[in-house]
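Student: predicted model and sequence below, questions to follow.
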Amino acid sequence: MRRHKKFCMLWMLLLFTLCSCSGAAPIQSEWGHRAADTSYSDAAAMKRSDPLVFGIIYPMAHPFYEKITESIEAASEPYPIQLIVKAPDEINLEQQIRMMETLMKQKVHGIAIDPIDPEALAPFINKAVQSGIPVVCFESDVPGSERYSYIGSDPLKEGTLMGQVIDRELNGKGMMMIEGSLSGSPQQSQRLEGILQYMRKQTEIQVLDIRYHNGNSELAIADMQHMIDAHPHFDALVSLDMISSTSSILVWKSQGLKRYAVTFGLTPDVKEALLNGQIHSVISANEHLWGDKIIEQLLAAHNKIPSTNWIDTGYMEVGQRDIPNPY
C-alpha cells in the first residue's frame, strides 16, 4: 500500500514536470488561410512576434488611397504583417524617392509602390531589389525595372473603353476637352492615346483642348474654367486622374453645368458625384481588388515564388445605376 502511494506520487510529479517543460516552449501560431496563389507553405512556422514588415508608398495623400489602405489592412490581418504606409501630401517625386530610400534603410521585407515617375523611380526600385527587398508596383507600372510584378489594368484599353463611352453618349459627334495631371505619366499618356485613337477612327468628335495641372488642384480648377470660357459650347469633359475628377466635380457644382463629365478611378467623391449627377461615367480598374493582390504578391515575392509579372485586375465602366443609393 505504501509502495502504491509512492508510485502514484512519483507519477504525478513526472506528469507535472512534463507539462511545465512543454508550457515553457514558445508556441508558434497559425496564420489562418493563405493568400490566394501564394503557396506560402511555411506560414505556420512564422511567429506573430516576428512580423514581416511591408512598406506601401502612394503618389499622394487622398481619400481614394485611404480606402486602398483599408483593403490592404484587411488582406494582411490573417498574417503576422506590419504595414508602414507613406504618401506625400501632394504629388511630389522627390518626396516619394526619399520615402523609398527610408524604407530601404529600415530593411523592410517588401515594398508596394504606385510610382509617380516610372523612369525616375526605376533605379531606386532596382537598388531595393538588389539589396534583397522585393518591390511590387500597382496602378502604374515600371516595366523596365527589376520589380517583382505589376498590379493593375491596361491603360490603353481603359482609354479605348472611355472613347466608346463618350461615343455612345454623344452619338459620334460633338466637342470634348481633357484634363490630366502629368503629361509625362505613361499611364495617363496611354489612357489619352486610347481615347484619341478611338475618336479618330470611329467618331467625328473633336478634341478642343488638352491641359495638365502637374498635381496642383487649384491649377486644375483654373484650367477647367479657362477651357469652359474659351469653349462654352463644349459637350464633354474627360478627367484622366483623381485630382482632375475632384476638380471637375467642384466646377460642375459651382457653375451648375449639365454637360457630360467622365473620369478614371472610382474614388469616394466620384461615387457621390455619380449619385448627384456631376459625374456621368467612370472607368474603374477594379481598385477594390488591389489590397488582396498587393499582400498576395508581397508574400509570394518574399517566399521567392516565380513572378507572374502582371496581375491584370481588368477594367469596367461604372455609372449611376451601379452605385447603391445610401438614402
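Tutor: Okay, I see it.

Student: can you list contacts of stretch 317-326?
Tutor: Residues from elsewhere that reach stretch 317-326 (C-beta atoms under 8 Å, 6 or more residues apart in numbering): 161, 165, 266, 271, 274-275, 277, 280-284. In short, each C-beta sits where N, CA and C put it, glycine included.

Student: show me where pLDDT drops low in the protein?
Tutor: Low-confidence segments of the chain (pLDDT under 70): 1-49, 325-327.

Student: pop the domain breakdown of it in here.
Tutor: Listed domain ranges for the chain are 50-152+287-314, 155-284 (source: automatic domain parsing).

Student: for the last one, the distance to its chain's centre please.
Tutor: What separates the centre of domain 155-284 from the centre of its chain is 21 Å, taken as C-alpha atoms, centre = their mean, to the nearest Å.

Student: how long is that domain end to end?
Tutor: End-to-end distance of domain 155-284 (C-alpha to C-alpha, to the nearest Å): 11 Å.

Student: same check on stretch 231-242?
Tutor: Length of stretch 231-242, first residue to last, C-alpha to C-alpha: 23 Å.

Student: now do the buried residues in that stretch.
Tutor: By 16 or more other C-beta atoms under 10 Å, the buried positions in stretch 231-242 come out as 234-242.

Student: what's the farthest-apart pair in those residues?
Tutor: 235 and 242 (23.1 Å; C-beta to C-beta).

Student: quick one: contacts for the nearest residue to residue 313 once chain neighbours are set aside?
Tutor: Computed as C-beta to C-beta, 6 or more residues apart in numbering, the closest residue to residue 313 that is not its neighbour in sequence is residue 286, at 4.4 Å. Residue 286 is in contact with 153, 313-316, counting by C-beta under 8 Å, 6+ apart.

Student: can you confirm residue 182 is in a strand?
Tutor: No. Under DSSP: H, G, I helix; E, B strand; the rest coil, residue 182 falls outside any strand and is assigned coil.

Student: my guess is it contacts residue 215. True?
Tutor: Yes. Counting by C-beta atoms under 8 Å, residue 182 does reach residue 215; the two are 7.0 Å apart.

Student: what residues are shared contacts of these two?
Tutor: In terms of C-beta under 8 Å, 6+ apart, residue 182 and residue 215 are both contacted by the residues residue 91.

Student: just confirm residue 291 is within a helix.
Tutor: Yes. Counting by three-state DSSP, residue 291 is found in a helix.

Student: where exactly do the strands run in the stretch 101-250 of the chain?
Tutor: Listed in chain order, the strands of the stretch 101-250 of the chain (DSSP state E, counting those that start in this stretch) span residues 110-113, 135-138, 149-152, 173-180, 204-212, 236-239.
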